[in-house]
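J.: Fold the following and give me the result.
(2 chains)
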Amino acid sequence: MLTYTIRRLVLAIPTLLFIALVIFLLLELAPGDPLANMPLTIPPEVRQQMREALGLGEPWYVRFVLWLYQFFVVEPSYWLDATFGTDLAAGQQRIISFQSRSPVFDTIAERLPQTLWVVGMSYIVGVLIALPIGIISAYRQYSWFDQIGTFVSMVGFSVPTFFTGVLLIVIFSVQLGWFPSIYDTTHRVNDLDSFLFQLRQMAMPVFVLALYNAAQISRYMRASMLDNLGQDYVRTARAKGMNEKVVVLQHVLRNSMIPVVTVIALGVPQVFGGAIITEQVFKVNGLGQLLILAIQGSDIPMVMTLTFIFAVLIVLFNLIADVLYGLLDPRIRYD
Amino acid sequence: MTDANLPLEQIAAEQPFKHRSHWWDVWAQFRTHKGALLGLFFLVFITLFVLIGPSLWGVDATALDIRNKDVRPIYTILWDSSAKVSWARPLGTDQLGRDNMAALMQGGRISMAVGWTAMLLSVILGTLVGVLAGYFRRLDGVLMRFTDLVLALPLLPLLLVMMLLFRDTLRAAFGPEQGIFILIVVAIGVTSWMQTARIVRGDVLALKEREFVLAARSIGTPSRRMITRHVLPNVLSPIMVSATLGLANAIITESALSFLGLGFPSDFPTWGKILFDSVDRMAAFPERVLWPGLAISLTVLSVNYIGDGLRDALDPRIRGT
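T.: The predicted structure is shown next:
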């Protein structure tokens, strides 16, 4: 298992390098000029100097290697410095955003909590809703609970999040006035009232994303439970006189969780990347919104770094899913 | 209950010979899935609505009529008798007096066209990669490694970047509408073929071990004909199921791109674009958000149900029981 994990980790390095190269070359084709907003009266030679000051004067492969160095060496050393008070970075150049002229990672660190709170919470809520629904749906197949559950999950799976979000805003903040339609990131929780306000403003975005996630996961859970409920070992367990609770919640559930856990792990990167639309609807200034703003402003270092972080997360959670699969299912041997 | 004493001719006359082909069986199984049948009806309805609706309705979706701006839908009168409604504008008009019904039809045309073309492109790409990887052992490693790499890319961010990068180039080459159409279709197509490729590859690998393939090879069938005559018809079922998923996915992706303001230009309605343009004024005019959103959601829902029904109908283990 350990050797398998190490081999996969080593194999992940060329994959990530290739992905970084693809993203970098794609952005290299960008027609957007970061100096487009500068006054036209700037003479061409000064404009050229400004381009070089932004690091655009070098050929692309030099900038690519420089970016890799900054991403993998400089930024972690700054992070270590900030945590342990060492001096590894020694004032080296960090990755700087074209738009805000501040280090990209500082901006990301500012935006990360909002995304984690709203989107991460919705994923947890979604999983917690999905598992019982999937289990009961499968155990009572074709009952009214199952019919409604499958229908709701089909709807949650089909209706795009931007429509659910807008619909909820129309109903609950425009008509009923229960929840605020815009997520206030400057809000600080310091007493009960502000905590309740935080809950209220999180309710709608969390619900929208949780519905979407729960719809997908409960479909997997139901299918996996149905697969296992028909197996011979279930009949054996019942024949041995075990009660229904033990049969379903211990024997069947444990086996059915194996594929579902990997599906849950594979969905985690979407928590960061796929919530772009929901963040846009509820005006949550998280990572997704940051990416949209950076794309619109052709802020190449920001887009590059964010997209690459999403790619790292995808590769990492693919690996985690595979390792979990091996850990949970003793029938699978990787070595 | 047949009577054994009856002459054969009489039985034959009473029970006329039922022509049962493979596709007839599939259709018979498909019909038993109520959701899929409803979905099919809705998909046919919405397709007719966007295809022949504009010629029946006869109102230009982009015609400005500023005197009749902000007309509410006709049903508003049920609870608000002072609302500005007009029977000539059953779904109301927008802030420039453009007819909402016509916009919905015109927008649906674009959304559906994008959905179908992008789905076709992704299915063709996926099938090509899947068949090549499954059939030719030499290509398998390379192609599947490549598929895994593409799967590891963060697709939505890349899609957004692609929209931004090639927008102006294609617009200059093919005109504003054609250019963006090609861009969206190609962008969605090249980012969604991977699942099809994996499924098709798996099925082709299993097919290659079957006796009829061995028999075909033993009489010297060349690879090209093996693929077109023996392999492709047998992997048609998974391709069709993933095509329905691809259609739903393409419609959602197109509207999501439009919703993020990176889709078609603003005087060119698609369902996602109408929704996006109406969000700012949804407090006063919720219907402009509601109808395009419902159109997208119901279309995707019906396509997903069709996919479900098709999967059951094409699965020989389920069919006939």
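J.: Isn't residue B:118 up against residue B:250?
T.: Yes - if you go by C-beta atoms under 8 Å, residue B:118 and residue B:250 touch, sitting 3.9 Å apart. Where C-beta positions appear, they are placed from N, C-alpha and C, glycine not excepted.
J.: list residues touching both of these two?
T.: B:188, B:192 (C-beta atoms under 8 Å, 6 or more residues apart in numbering or on different chains).
J.: now check stretch A:109-128, is it near chain B?
T.: No - remark: stretch A:109-128 sits outside contact range of chain B, by C-beta under 8 Å from any C-beta of the partner chain, the gap being at least 13.6 Å.
J.: distance between the ends of that stretch?
T.: With C-alpha to C-alpha, to the nearest Å as the measure, stretch A:109-128 spans 28 Å from end to end.
J.: What residues does the stretch 151-300 of chain B have near chain A?
T.: So the stretch 151-300 of chain B meets chain A at B:152-154, B:156-158, B:160-162, B:164-165, B:168-169, B:248, B:252, B:255-256, B:259-260, B:262, B:272, B:275, B:279, B:282-283, B:286, B:289-290, B:293, B:296-297, B:300 (C-beta under 8 Å from any C-beta).
J.: domain assignment for chain A?
T.: A:20-93, A:104-328 (automatic domain parsing).
J.: Quick check: mean pLDDT of the shortest one?
T.: I take that to be domain A:20-93. Mean pLDDT, computed over domain A:20-93, is 75.
J.: Can you give the distance of that domain from its chain's centre?
T.: Averaging C-alpha positions (C-alpha atoms, centre = their mean, to the nearest Å) puts domain A:20-93 25 Å from its chain's average.
J.: Look up how far residue A:180 lies from the residue lying closest to residue B:136 once chain neighbours are set aside.
T.: In space, and not counting its chain neighbours, residue B:136 is closest to residue B:223: 7.8 Å by C-beta to C-beta, 6 or more residues apart in numbering or on different chains. The spacing between residue B:223 and residue A:180, counted by C-beta to C-beta, to the nearest Å, is 63 Å.
J.: More neighbours: which of the two?
T.: Neighbours per residue (other C-beta atoms under 10 Å in any protein chain shown) separate residue B:223 from residue A:180, with residue A:180 holding more: 17 against 11.
J.: and the closest residue to the more buried one other than its chain neighbours, what is it in contact with?
T.: Spatial nearest neighbour of residue A:180, chain neighbours left out: residue A:201 (5.0 Å); criterion: C-beta to C-beta, 6+ apart. Each residue near residue A:201 by C-beta under 8 Å, 6+ apart is listed here: A:179, A:180, A:183, A:184, A:187.
J.: For the residues you listed, which two are the farthest from each other?
T.: Among those, the pair separated by the greatest distance (C-beta to C-beta) is A:179 and A:187, at 13.4 Å.
J.: Those two: which is more packed in?
T.: residue A:179 (19 against 12).
J.: Isn't the more buried one up against residue A:202?
T.: No - Residue A:179 lies out of contact with residue A:202 (C-beta under 8 Å); the separation is 9.1 Å.
J.: quick one: low-confidence ranges for the chain?
T.: No chain specified, so I'll use chain A. Scanning chain A with the threshold set as pLDDT under 70 gives A:30-38, A:54-57, A:88-91, A:273-274, A:334-335.
J.: wait, chain B
T.: In chain B, residues with pLDDT under 70: B:1-19, B:63, B:74, B:77, B:83-85, B:87-88, B:97, B:317-321.
J.: Who are the packing partners of the helix ranked longest in it?
T.: Taking DSSP state H as the criterion, chain B has its longest helix at helix B:100-135. Where contact means 3 or more C-beta pairs under 8 Å, 6 or more residues apart in numbering or on different chains; DSSP states H and E, helix B:100-135 is packed against helix B:34-51, helix B:53-57, helix B:137-151, helix B:176-190, helix B:194-208, helix B:236-259, helix B:271-278, helix B:287-314.
J.: Burial-wise, tell me which of the ones you listed comes out on top.
T.: Most buried of the helices and strands packed on helix B:100-135 by mean neighbour count (mean count of other C-beta atoms under 10 Å in any protein chain shown) is helix B:271-278; its value is a mean of 26.
J.: how distant is that helix from the center of its chain?
T.: Here the centre of helix B:271-278 is set off from its chain's centre by 19 Å, with C-alpha atoms, centre = their mean.
J.: hey, C-alpha coordinates of that helix in PDB?
T.: In PDB, the C-alpha atoms belonging to helix B:271-278 read as follows (Å, rounded to 0.1, in the frame of the first residue of the first chain):
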ATOM      1  CA  TRP B 271     -31.800  30.700 -22.200                       C
ATOM      2  CA  GLY B 272     -28.800  31.300 -20.000                       C
ATOM      3  CA  LYS B 273     -28.300  34.800 -21.400                       C
ATOM      4  CA  ILE B 274     -31.900  35.900 -20.800                       C
ATOM      5  CA  LEU B 275     -31.700  34.600 -17.200                       C
ATOM      6  CA  PHE B 276     -28.400  36.400 -16.700                       C
ATOM      7  CA  ASP B 277     -29.700  39.700 -18.100                       C
ATOM      8  CA  SER B 278     -32.800  39.500 -15.900                       C
END
